[in-house]
Structures are given as C-alpha cells and as structure tokens.
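Enquirer: Okay, predicted coordinates and the sequence, questions at the end:
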Amino acid sequence: DAKTTQPPSMDCAEGRAANLPCNHSTISGNEYVYWYRQIHSQGPQYIIHGLKNNETNEMASLIITEDRKSSTLILPHATLRDTAVYYCIVRSWNNAGNMLTFGGGTRLMVKP
Amino acid sequence: NAGVTQTPKFRILKIGQSMTLQCTQDMNHNYMYWYRQDPGMGLKLIYYSVGAGITDKGEVPNGYNVSRSTTEDFPLRLELAAPSQTSVYFCASGGGGKQFFGPGTRLTVL
C-alpha cells in the first residue's frame, strides 16, 4: 500500500471549514484513499473513502486531485467535538486481509 | 446492535502474568483485527482473522496469540506479560477498508 504524508498538527476556528491535506504521490490505480479519526482515548472512527471521484457524506467531503497524488478531507463547519487525530490511509482494493496501516496522522485542534 | 465490544476496559498485570483480552462483534463480519497503540503513536496491527478458524500475523505479533472459533469472537492472549506490552489494545471488525473499532482495553504491565 502507498505511503501517505500528513502535517502533524493543524488548528481551526469553530464554525469554519477544516481542510486536512494528505499526500500520497506513489498511489497506484487500484488503491483507495480512506480517512479515519480518533478522538482522545477512543477507538478510530471511519469517516469516508474514495477512489478518484470526490465523495461527500454526512460527516465530511473528500476531494482527490485529478492525478490522485493528494487529497483533502473537508469538515465543512468544524465543532469542538471534531478535535481529534485524523488518519489518511491508502489501501489497495485487493489487500489480502483488508488491513489498514495507520501512520502518524494530523492532530486537529478546533478552537472556540 | 452493540457493534464491537471489548473487555476488560482496564487491567494491571505483573510481569510474567498472562491474560486474555476479549473481543466480540455482532455485525457478522468475517474480518477481525487486533491493534495496539502506544502513547502518542499510531495503531499497529498485531493479528488479524479473515474468518472462523483462520488467523494471521500482523506487524507486531511477538508475545501474543489469537484464536477464532466463531465469527463473533476474537480473543487476544498475552503470555508472560512484559512492560513493553503496556499499551491500549483495540479490536476491530469489518472489511473492504471500512473497520469498526471497539472502545479499547488499557493494559499496564508492572
């Protein structure tokens, strides 16, 4: 699975959009981009995933560049409860164990 | 629908003791996983299972054992606990990249 690079930390004002970037320049054609988050002391929570088209659900939007070498997770109106570590994970569709490899993630701090 | 449940929530072990961390899921998922997370670090995969009777090693399997006799249960066994196994342990189930995690077991080995 491709390696990902994320900034270690970011701040966002409450009510504003939080844009979390992820670089995955070595991604291959059969690899999906997944986003998870981990609120302090809790288990990780799935947010969204995509292959090449932009995706949106009730939690967030995922924007993947046309060359698929990077992506951005958007939380449209961040709240204090969105303070968490956000993990960007690239995983191939035929990963034998459906495994996920968690890197360091981005620690998002939403401030009042 | 409880999702993924783990017991116990907290445990303190002495060096050399053994214990089993329990994990149960009620979503009928074939895939189940055990991760550990050391303070300030990301999750590392210990073992995983693709179905009842089938298990395989992850990134950090040494010092642990697993079994999968049913779809629902995936216990993790620690033999001869060591201080290096002090960590938070998360169980997960799912497939296709979408995993559902339990609340974790915080283990301290003294």
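Expert: Everything's here; your move.

Enquirer: Please list the residues of chain A that sit near chain B.
Expert: A:32, A:34, A:41-46, A:49, A:87, A:89, A:91, A:95-105 (C-beta under 8 Å from any C-beta of the partner chain). In this view, the C-beta of every residue, glycine as well, is placed from N, C-alpha and C.

Enquirer: Not counting sequence-adjacent ones, nearest residue to the residue in chain B positioned nearest to chain A?
Expert: The nearest approach of chain B to chain A comes at B:Phe101, 3.0 Å away (C-beta to the nearest C-beta). Of all residues not flanking B:Phe101 in the chain, A:Gly43 sits nearest, at 3.0 Å (C-beta to C-beta, 6 or more residues apart in numbering or on different chains).

Enquirer: Which helix or strand contains the one you found?
Expert: Using DSSP states H and E, A:Gly43 is not contained in any helix or strand.

Enquirer: Go ahead and confirm it touches B:Phe90.
Expert: Yes: A:Gly43 is in contact with B:Phe90 according to C-beta atoms under 8 Å; the separation is 5.0 Å.

Enquirer: ok, the two, which is more surrounded?
Expert: A count of neighbours by other C-beta atoms under 10 Å in any protein chain shown puts B:Phe90 above the other of A:Gly43 and B:Phe90, at 26 against 23.

Enquirer: partners of the one helix or strand that one maps to in the sheet?
Expert: Per DSSP H and E: B:Phe90 is located in strand B:87-95. Its sheet considered, strand B:87-95 pairs with strand B:31-37 (antiparallel), strand B:98-101 (antiparallel), strand B:105-109 (antiparallel) by DSSP bridges.

Enquirer: tell me what the helix or strand following the first one is packed against?
Expert: Tracing the chain C-terminally past strand B:31-37 and defining elements by DSSP H and E, one meets strand B:43-51 next. Judged by 3 or more C-beta pairs under 8 Å, 6 or more residues apart in numbering or on different chains; DSSP states H and E, the packing partners of strand B:43-51 are strand B:31-37, strand B:54-57, strand B:64-66.
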